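Engineer: Show me the folded form of this:
(one chain, ligands or ions: 2)
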Amino acid sequence: MVTVRAPATSANLGSGFDVFGVALDRPADVVHVERADRTTIEVTGVGSQYIPTDPNRNVVGAVAEALDAPAHIRIDKGVRPSSGLGSSAASSAAAALALNELYDRGLSREELVPIAAEGEAVVSGEAHADNVAPALLGGFTVATDEGVTTIDADIPLVACLPEIVVSTRDARRVVPKQASIDDLVHTVGRAATLSVGMCRRDPRLVGAGMDDRVVTPARAELITGYDEVRSAALAAGADGVTVSGAGPSILAVCGANDRTRVAAAMLEAFDDVDVSAQAYKTRVGSGAEIFEF
Ligand SMILES: Nc1ncnc2c1ncn2[C@@H]1O[C@H](COP(=O)(O)OP(=O)(O)O)[C@@H](O)[C@H]1O
Ligand SMILES: N[C@@H](CCOP(=O)(O)O)C(=O)O
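Structural biologist: Numbers count the residues shown, from 1 in each chain. Ligands and ions are numbered 1, 2, ... in the order given. You can find the predicted model right below:
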């Protein structure tokens, strides 16, 4: 048996739609795999009642198929599905690393990124790699069709998860098909600023670089209380706030000592609009780990 823990991730970071991602140091999924003649799946943990066990509908089934590695796969969910925290990606990345080890396929983590992304195609319709890349490699990742670049960033974060469900598939439907040249220039400038901020481990630059005028405003409409929560986090000292992945989680970047205040302000603002929520005080973390085999 092989057991792998893969972390939650936050994709896009505002200005880097389908490109930027960060691994979070918590929460995480744990996946156990054992060789079998055909793939079967068991799911326990947070939101497991909403996750199919049919290998054609669970992301790990697509990963086992892509690696030609049939197995009994047990998933212990720590990352709530449809959270905007890369729930499906955590399972995909963990399964890819575990099955690669179980069947001794010898693929590097970079080579496993497109395989794990096959799982994302099952749920969102597209094999976007911006969650599976940080889930496998850790840190801040830039995923393009040329491959993945990784920066070992250390940035404090707060991820606030409301009790609202936004599926990635639905949130991809509201993404505008076109952007003006002004918005393109704005986004390139912010994305470059964010990348420099990650390299310098500077929350202020990362926060300034999150601003996005194209995708985020359309997605924010799907999250009750987004504007209020964003304003509250900024007033409490956050350096930047945006939608985490496709939502509904909201991600704030701030100084390490400001996380408690920012988290409390975000929870209070959700409460004011009658939405229950939980906040993870976290930071950019490591990728998936094999911890028992
Ligand atoms: N192993 C899995 N873990 C989480 N969600 C899964 C898994 N397999 C299939 N799904 C389905 O994927 C959807 C959640 O994925 P997605 O909308 O991308 O959420 P998230 O933003 O949390 O990744 C749900 O419909 C869920 O049933
Ligand atoms: N780039 C994707 C990221 C989806 O992230 P998730 O955590 O919501 O699955 C998108 O924005 O659609």
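Engineer: Just the buried positions in stretch 104-119, please.
Structural biologist: Within stretch 104-119, the residues that count as buried by 16 or more other CB atoms under 10 Å are Arg109, Leu112, Val113, Pro114, Ile115, Ala116, Ala117, Glu118, Gly119. Heads up, the C-betas are built off the backbone N, CA and C, glycines and all.
Engineer: restrict the residues you listed to those near ligand 1?
Structural biologist: Among the buried residues of stretch 104-119, not one lies near ligand 1 by CB under 6 Å from any ligand atom.
Engineer: What is the nearest of the residues you listed to ligand 1?
Structural biologist: For the buried residues of stretch 104-119, the residue nearest ligand 1 by CB to the nearest ligand atom is Gly119; the value is 7.3 Å.
Engineer: What does the pLDDT read for that closest one?
Structural biologist: In this prediction, Gly119 carries a pLDDT score of 90.
Engineer: hang on, it packs against Glu65?
Structural biologist: No. In terms of CB atoms under 8 Å, Gly119 does not count as a neighbour of Glu65; the distance is 9.8 Å.
Engineer: what touches both of those two?
Structural biologist: Shared contacts of Gly119 and Glu65 (CB atoms under 8 Å, 6 or more residues apart in numbering): none.
Engineer: one step back: okay if I get the buried residues of stretch 104-119 as TSV plus distance to ligand 2 and secondary structure?
Structural biologist: Converted to TSV, the buried residues of stretch 104-119 look like this (distance: CB to the nearest ligand atom, whole Å; DSSP: H, G, I helix; E, B strand; the rest coil):
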residue	distance to ligand 2	secondary structure
Arg109	19	helix
Leu112	18	helix
Val113	14	helix
Pro114	15	helix
Ile115	17	helix
Ala116	13	helix
Ala117	11	helix
Glu118	15	helix
Gly119	11	helix
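Engineer: Throw these into a markdown table and include distance to Gly237, thanks.
Structural biologist: Converted to a markdown table, these look like this (distance: CB to CB, whole Å):
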| residue | distance to Gly237 |
| --- | --- |
| Arg109 | 35 |
| Leu112 | 38 |
| Val113 | 35 |
| Pro114 | 39 |
| Ile115 | 40 |
| Ala116 | 35 |
| Ala117 | 36 |
| Glu118 | 40 |
| Gly119 | 37 |
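Engineer: what's the spacing between the residue nearest to Val148 when sequence neighbours are not counted and Asn257?
Structural biologist: Distances taken as CB to CB, 6 or more residues apart in numbering put Ala133 closest to Val148, at 4.7 Å, once the chain neighbours are dropped. Ala133 sits 30 Å away from Asn257, going by CB to CB, to the nearest Å.
Engineer: Which of those two has more residues huddled nearby?
Structural biologist: Ala133 (36 against 9; other CB atoms under 10 Å).
Engineer: From the contact counts, what lies against the host helix or strand of that one?
Structural biologist: Following DSSP states H and E, one finds Ala133 within helix 132-137. Applying 3 or more CB pairs under 8 Å, 6 or more residues apart in numbering; DSSP states H and E, we find helix 132-137 packed against strand 2-11, strand 20-35, helix 87-102, helix 109-124, strand 140-144, strand 147-151.
Engineer: looking at those, which is buried most?
Structural biologist: helix 87-102 (a mean of 30; mean count of other CB atoms under 10 Å).
Engineer: For it, C-alpha coordinates in PDB please.
Structural biologist: Extracted in PDB, the C-alpha atoms of helix 87-102 (Å, rounded to 0.1, in the frame of the first residue of the first chain):
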ATOM      1  CA  SER A  87     -10.500  19.700  -3.700                       C
ATOM      2  CA  SER A  88     -10.500  17.700  -6.800                       C
ATOM      3  CA  ALA A  89      -6.900  18.500  -7.500                       C
ATOM      4  CA  ALA A  90      -5.800  17.400  -4.100                       C
ATOM      5  CA  SER A  91      -7.200  13.900  -4.800                       C
ATOM      6  CA  SER A  92      -5.900  13.900  -8.300                       C
ATOM      7  CA  ALA A  93      -2.300  14.900  -7.300                       C
ATOM      8  CA  ALA A  94      -2.300  12.400  -4.400                       C
ATOM      9  CA  ALA A  95      -3.500   9.600  -6.600                       C
ATOM     10  CA  ALA A  96      -1.000  10.400  -9.300                       C
ATOM     11  CA  LEU A  97       2.000  10.300  -6.900                       C
ATOM     12  CA  ALA A  98       0.700   7.300  -5.100                       C
ATOM     13  CA  LEU A  99       0.000   5.200  -8.200                       C
ATOM     14  CA  ASN A 100       3.300   6.200  -9.800                       C
ATOM     15  CA  GLU A 101       5.000   4.800  -6.700                       C
ATOM     16  CA  LEU A 102       2.800   1.700  -6.400                       C
END
